[in-house]
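Engineer: take a look and give me a structure for this.
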Amino acid sequence: MKWIYIIAGIALLVKVLIMPNPQAEWEEISIVRAIVDDSGVPNAVSGIIFRNRLYDTIFEVVVFTIAILGVNFLLANEKPTEKVYQFSDQPSIVLARLGATITALVSIELAIRGHLSPGGGFAAGVAGGTAIGLIAITSSSEKMEKIYKTWNAATWEKVSVLIFIVLAAITLMGLELPKGELGTLVSGGILPILNILVAIKVALGSWAVILLFIRYRGLL
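Structural biologist: From the prediction side, this is the model:
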């Protein structure tokens with residue numbers, strides 16, 4: 001049997017060395033330029049995520065939602081941590097809250113202008129979740145949960161998911177908003193709205209997970 005493998009290996013080597021690889025004949029076209037023209041936004045990555053592979057993006061949002069529900073389900077029967085230790089030294093608190101302020105502003109920038117420059121909804125949501133995490137390690141967990149419930153963050157998270165799915169489905173059916181002028185803030189049709197919805201979803205979902213882990217695991 002090993003002689004068969006040797007012969008097959010030699011044949012493959014001869015093929016690689018002697019026989020030329022067929023080359024497809026492509027017209028002179030820029031894939032990035034085609035995506036930009038098709039989506040109406042300079043950020044080709046946003047064009048791909050929210051247009052060319054919108055099916056994948058829908059299920060990514062759904063999977064993130066299921067992950068949050070899974071964390072809640074797995075920790076539901078555990079005993080909450082009796083005492084959560086927070087940062088108490090003033091320099092650490094000041095630095096953490098300063099970092100949270102900067103990160104929150106970056107999150108807003110990425111959400112609003114993600115279709116024009118590097119960024120987008122997922123990056124904006126991660127930045128927003130980071131800002132919330134920095135506040136959580138310097139604030140009372142009871143206070144954070146009270147704010148979460150007062151502002152109905154869980155409801156807004158679910159609403160943002162539903163609106164995203166509905167708008168994405170409408171887009172996949174071929175109904176689109178005017179693209180506007182390329183490079184302007186109000187351009188790209190539905191893409192900026194989808195960016196903002198994803199940012200809200202990821203940030204609020206991260207907030208829920210952070211609260212759960214602090215409640216049942218303390219500060220890791």
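Engineer: any idea which residue sits dead centre in the protein?
Structural biologist: In the chain, the residue lying closest to the centroid (C-alpha atoms, centre = their mean) is residue 122, at 2.2 Å.
Engineer: tell me where the chain has helices.
Structural biologist: Under the criterion DSSP state H, the chain contains helices at 2-18, 31-39, 44-47, 54-75, 90-113, 121-136, 141-150, 153-172, 191-217.
Engineer: chain center to the shortest one, what's the gap?
Structural biologist: Per C-alpha atoms, centre = their mean, to the nearest Å, the displacement of helix 44-47 from the mean C-alpha position of its chain is 13 Å.
Engineer: which outside residues touch it?
Structural biologist: The contact list for helix 44-47 (C-beta atoms under 8 Å, 6 or more residues apart in numbering) reads 32, 35-36, 38-41, 114-115, 118, 120, 188, 191, 195. Glycine gets a C-beta too; all of them are placed from N, C-alpha and C.
Engineer: one more time with 6 Å
Structural biologist: 32, 35-36, 39, 41, 114-115, 120, 191 (C-beta atoms under 6 Å, 6 or more residues apart in numbering).
Engineer: just the buried ones out of those residues, please.
Structural biologist: Among those, the ones that count as buried by 16 or more other C-beta atoms under 10 Å are 35-36, 39, 41, 114-115, 120, 191.
Engineer: what residue ranges in this protein score low on pLDDT?
Structural biologist: Scanning the chain with the threshold set as pLDDT under 70 gives 1, 5, 15-17, 19-29, 84, 219-220.
Engineer: switch to 80 and redo it
Structural biologist: The model of the chain has pLDDT under 80 over residues 1-32, 76-78, 80-88, 141, 215-220.
Engineer: now do the same end-to-end measure for stretch 70-90.
Structural biologist: Stretch 70-90 has its terminal residues 36 Å apart, counting by C-alpha to C-alpha, to the nearest Å.
Engineer: what sits up against it?
Structural biologist: So stretch 70-90 is in contact with 93, 137-138, 141, 209, 212, 214-216, 218, going by C-beta under 6 Å, 6+ apart.
Engineer: likewise stretch 178-185?
Structural biologist: 40, 42, 186-187, 189.
Engineer: hang on, isn't residue 127 packed against residue 107?
Structural biologist: Yes. Between residue 127 and residue 107 there is a contact under C-beta atoms under 6 Å: 3.7 Å.
Engineer: before we move on, back to that, buried ones among the contacts of stretch 70-90?
Structural biologist: 137-138, 141, 209, 212, 214-216.
Engineer: residue 103 is in contact with residue 128, isn't it?
Structural biologist: No. Residue 103 lies out of contact with residue 128 (C-beta under 6 Å); the separation is 7.6 Å.
Engineer: the two - which one has more neighbours?
Structural biologist: Per other C-beta atoms under 10 Å, whichever of residue 103 and residue 128 has more neighbours is residue 128, with 26 against 19.
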